[in-house]
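**Student:** okay, sequence plus prediction incoming.
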Amino acid sequence: MSDFEAVERVLTNRRSCRGYLDEQVSREVIDQVVTAAQRTASWCNTQPWRLHIVSGDSTRELSKVLVESVIASLGQPAPSDFPFPAAYTGVHDERRKEVGWQLYEAVGVVRGDREGSAMQMLRNFEFFGAPHVAIVTTDADLGVYGAIDCGLYVNSFLLAAEALGLGTCAQAAMGQVAPALREHLSLSDDRLVVCGIAFGYADPDHPSADFRSTRAAITDAVTYVG
């Protein structure tokens, strides 16, 4: 298999995993993931990402704190360190709705089931049952470019984890609970919460295991000039 074929296979097989086995990932394997991801490119080689990797009982403790924080702040603006999208319009709105309803249907939530939708939403803050979560932060002084670099790092983490047989789910939802994360993990004020990454061994029998989101044609994303 060529290098390109190996990369393409990992890219194709990776998915956002929303069901995990109750099995811890060894420190050795986690170190392999983060060592590979550390090679990520960044603006001026600033490498602004910092990770807090939460495991074991600490994962469940953090989940409890975040779920309580979300329930307590329902109906209020998300106190994120980075602005959430002002609106989803056009094709972006169509894609968002498509993937949302397809996922809900996969786990048995039907349209109009407000309670089921709310419970599924809260699963974000339970990390979908993953035994580990990595909270990714950037340096406040680097602004949006620090966040962009962290986005590159997150993708490297996801692909390295996939290559090692792990399931992952990048979670922008962690931005909604930035104050709770800052307090629970003792994050300094100069660290901004970008997202989280739930990870562990995927449960092949979970209802969402066969769900795959679609991708737009390259003609919708690429313009060749010259």
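**Tutor:** Looks like it came in fine.

**Student:** which element is the residue nearest the centre of the chain on?
**Tutor:** Centroid check for the chain by C-alpha atoms, centre = their mean gives A170 as the closest residue, at 1.1 Å. Using DSSP states H and E, A170 falls within strand 167-171.

**Student:** L159 too?
**Tutor:** Here L159, judged by DSSP H and E, is contained in helix 143-163.

**Student:** please write out the alpha-carbon positions of the strand holding A170 in PDB.
**Tutor:** Taking C-alpha atoms only, strand 167-171 is exported to PDB below (Å, rounded to 0.1, in the frame of the first residue of the first chain):
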ATOM      1  CA  GLY A 167     -12.900   6.000  17.900                       C
ATOM      2  CA  THR A 168     -13.000   9.800  18.300                       C
ATOM      3  CA  CYS A 169     -15.400  12.700  18.200                       C
ATOM      4  CA  ALA A 170     -14.400  16.300  17.900                       C
ATOM      5  CA  GLN A 171     -16.700  18.400  20.100                       C
END
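
**Student:** dump the residue contacts of the residue nearest to the centre of the chain.
**Tutor:** Residues counted as contacts of A170 (C-beta atoms under 8 Å, 6 or more residues apart in numbering) are 16, 154, 158, 195-197. Backbone N, C-alpha and C define where each C-beta goes, glycine included.

**Student:** got a markdown table for these, with distance to D139 and neighbour count too?
**Tutor:** Output for those, formatted as a markdown table (distance: C-beta to C-beta, whole Å; neighbours: other C-beta atoms under 10 Å):
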| residue | distance to D139 | neighbour count |
| --- | --- | --- |
| S16 | 27 | 18 |
| V154 | 16 | 24 |
| L158 | 22 | 25 |
| C195 | 15 | 19 |
| G196 | 18 | 29 |
| I197 | 19 | 25 |
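
**Student:** and of these, the nearest to A86?
**Tutor:** Nearest to A86 among these, counting by C-beta to C-beta, is C195 at 18.6 Å.

**Student:** which one's the longest strand in the chain?
**Tutor:** strand 191-200 (DSSP state E).

**Student:** one step back: and which of the contacts of A170 is nearest A6?
**Tutor:** For the contacts of A170, the nearest to A6 is L158 (15.4 Å; C-beta to C-beta).

**Student:** got the CA positions of the helix or strand bottoming out on mean pLDDT in the chain in PDB?
**Tutor:** Lowest mean confidence among the helices and strands of the chain (mean pLDDT, DSSP states H and E): helix 114-123, at a mean of 83. The C-alpha trace of helix 114-123 is given here as PDB (Å, rounded to 0.1, in the frame of the first residue of the first chain):
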ATOM      1  CA  ARG A 114     -38.300  17.000  22.200                       C
ATOM      2  CA  GLU A 115     -37.300  15.000  25.200                       C
ATOM      3  CA  GLY A 116     -35.300  12.500  23.100                       C
ATOM      4  CA  SER A 117     -33.600  15.400  21.300                       C
ATOM      5  CA  ALA A 118     -32.700  17.000  24.600                       C
ATOM      6  CA  MET A 119     -31.300  13.800  26.000                       C
ATOM      7  CA  GLN A 120     -29.200  13.300  22.900                       C
ATOM      8  CA  MET A 121     -27.900  16.800  23.100                       C
ATOM      9  CA  LEU A 122     -26.800  16.200  26.700                       C
ATOM     10  CA  ARG A 123     -24.800  13.100  25.500                       C
END
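
**Student:** sounds good, over and out.
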